[in-house]
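Asker: Quick one, what's the 3D model for this:
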Amino acid sequence: MDISKIPIKNRKDEHIYLVSTEDVESHETTWFEHIRFVHKPIPELSLDDIDLACEFLGKQISAPVFIGAMTGGTELTKKLNVSLAKAAQKYQIPMMVGSQRVILRHPETKDTFSAVRESAPDIPIIGNLGIAQIASSESFDYVNEIVENINADALAIHLNVIQELIQPEGDKTFSGVLEKLKLLKEQIDIPIVIKETGCGISKEIASQLGEIGINIIDVSGIGGTSWVAVEYYRAKKENMKLKQELGKLFWDWGIPTAASIFEVSSVAKNNPRMEIIGSGGIRDGIDVAKALRIGAHFTALARPFLMVALQGQSEIEQFIEKTFKELEITMLLTGCKNIDDLKRVPIIITSKLKEWLIQRKIAF
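Answerer: All right, here's what the predicted structure looks like:
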């Protein structure tokens, strides 16, 4: 699919265009480079012995690798969602959809999301709404429509405060969110996932979320796509000078992914029900292994999946198989037969990440 030849009709399509064509990566890294596995030259395993399988939301999945939240709401994004959903179904991995808020204002876009469930009837699928929507809601009756649209197994609430503040048409009010989340949790029967969008989650916020009964957290730290960068390019196109300057200043705001996983994991150690999704700049199977080793239960990748989805169905499948193989080889080289084994292998932590953990008084 040649994105340059597709007419850009609205913000959703524009996001896809910018993420796939512009330099929107964070200038700061994930800090996974500050984690080293201790090589095991005699692993006493064969590659065929490696088992990546685990369970999410009561469903067996083939590996702790999710297709992260991206998009929906247009014909272009429907095509991408269907391609990704078909691959998710084939390889039995979970998938998150992009923000479904659009269907509340434009019901005609429902099929751009519902097509995901039609293409992937058996896998865990996670719905999506934004923090601004929750903050401004007096009632959550509309949430049932969001959930039913894709027969969701869970609902993600994405935290994109900085993106909203930089976005030309973004929201500015985010007060009372914890109380609203508590109320939402009482009103719906499926799990809530709290998901950042590239700025990470701290141990303090993780603790507050645990106190109101939210037990699935997607850290989405610095190191991957910067949504501030995306909005910078949109502001530049519209010649909005102040928004451009703010975009440059806050381009790398937040907590690097590895540090954020450690932060949330320090809370999860005292809350056995809490599960962590490591995301934000995860690009290969070694990144996946490192995220799992330092406390994540699962991982999610978004931009890498978008880039291969734009190429075609076979490219998505090749990318999944490649990521699985990279994870399997990493596990073999550390002597791990399964994911539980991986969580106990020795590692070395250096440089900025080590200093962060010391100053934040987080055990490692």
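Asker: continuing past the top helix by length along the chain, what's the next helix or strand?
Answerer: Ranked by residue count, the top helix of the chain under DSSP state H comes out as helix 313-333. Next helix or strand after helix 313-333 toward the C-terminus (DSSP states H and E): helix 339-342.
Asker: What mean pLDDT does that next one get?
Answerer: Averaging pLDDT along helix 339-342 gives 98.
Asker: One more: stretch 140-153?
Answerer: 95.
Asker: Run through the strands of this protein in chain order.
Answerer: 35-37, 54-56, 59-61, 65-67, 95-96, 125-130, 154-159, 192-196, 216-218, 275-279, 298-301, 347-349 (DSSP state E).
Asker: between the ones you listed, which gets nearest to Ala291?
Answerer: Proximity to Ala291 (Cβ to Cβ) singles out strand 275-279 among those, at 3.4 Å. Bear in mind the C-beta positions are built from the backbone N, C-alpha and C, glycine included.
Asker: Each with direction, which strands does the closest one pair with?
Answerer: strand 216-218 (parallel), strand 298-301 (parallel) (DSSP bridges).
Asker: Other residues contacting that strand?
Answerer: Counting contacts by Cβ atoms under 8 Å, 6 or more residues apart in numbering, the residues outside strand 275-279 that touch it are 66, 68, 193, 195, 215-221, 224, 257, 261, 264-265, 268, 288, 291-292, 295-302.
Asker: Now the buried members of those.
Answerer: 66, 68, 193, 195, 215-221, 224, 257, 261, 264-265, 268, 288, 291-292, 295-302 (16 or more other Cβ atoms under 10 Å).
Asker: just for the protein, where's the confidence low?
Answerer: 1-9 (pLDDT under 70).
Asker: residues touching Ser114, list them.
Answerer: Per Cβ under 8 Å, 6+ apart, neighbours of Ser114: Asn149, Ile150.
Asker: Which parts of the stretch 101-250 of the chain are helices?
Answerer: 102-105, 111-119, 131-135, 143-150, 161-166, 177-187, 203-211, 227-237, 241-250 (DSSP state H, counting those that start in this stretch).
Asker: now for those helices, which one comes closest to His39?
Answerer: Proximity to His39 (Cβ to Cβ) singles out helix 203-211 among the helices of the stretch 101-250 of the chain, at 30.7 Å.
Asker: In that closest one, which of the residues would be classed as buried?
Answerer: Applying 16+ other Cβ under 10 Å to helix 203-211 flags Lys203, Ile205, Ala206, Ser207, Leu209, Gly210 as buried.
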